[in-house]
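1. Structure, please.
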Amino acid sequence: MKNNNYRSTCAIAMSVDLFGDKWSLLLLRDMLLHRKSTFKEFSNSKEKIASNILTSRLVHLIEFGYVTKVNPKGTKKSAVFLATRKGICVLPLLVELYMISIDSLSDDQLNESQLSIKSEIFKDRELFINSRREKYIDFVNQIQNDIIEI
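-> Next comes the predicted model:
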């Protein structure tokens, strides 16, 4: 699907076209919250995405401008996938989806990490989002500096 091939001009329909599959938001989650950037790191995620689907979803996110591929050595193993500014804008959506699902569980069903994140978001959602955004931008800058040194 190309950028101008939406079902309609409705913003919700367009969002579903972009992120309505099972994997795109999880890949952005892995990039933005878990700082994963390589094909191998995405493949090793707990959801166990198949390599052909992973390739397809990364291409999809690149085509729509949410992810960029940097390949300093020109080999498959050296390729790094990074969320673009547009991709980073998805972070508040990820946080809201997290809160919708986490809110449906009782605290005794959550692990320590989930409880901590839930508490942090409830205290100050904007601070949480801005902090995660800044950490991701620092991560991207470090990768870019490492690539320049190669």
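2. mind checking how far the residue of the chain most remote from its centre is from H34?
-> Distance from the centre of the chain peaks at D108, with 27.3 Å (CA atoms, centre = their mean). Distance, D108 to H34, by CB to CB, to the nearest Å: 25 Å. The C-beta positions use only the backbone N, C-alpha and C, and glycine is treated the same way.
3. Same check on R85?
-> Look at R85 and H34: by CB to CB, they are 19 Å apart.
4. quick one: buried residues of the lengthiest helix in the chain?
-> The longest helix of the chain (DSSP state H) is helix 125-149. Neighbour-count burial for helix 125-149, counted by 16 or more other CB atoms under 10 Å, picks out F128, I129, R132, Y136, F139, V140, I143.
5. Now the residue sitting nearest the centre point of the chain: phi and psi?
-> Among the residues of the chain, the one closest to the centroid is L28, at 1.2 Å (CA atoms, centre = their mean). Dihedral pair for L28: phi -70, psi -40, per degrees, to the nearest 10.
6. pretty sure it is touching L61, no?
-> Yes. Counting by CB atoms under 8 Å, L61 is a contact partner of L28 at 7.3 Å.
7. Can you pull the residues that touch both of these two?
-> When CB atoms under 8 Å, 6 or more residues apart in numbering defines a contact, the residues bordering L28 and L61 alike are V67, G87.
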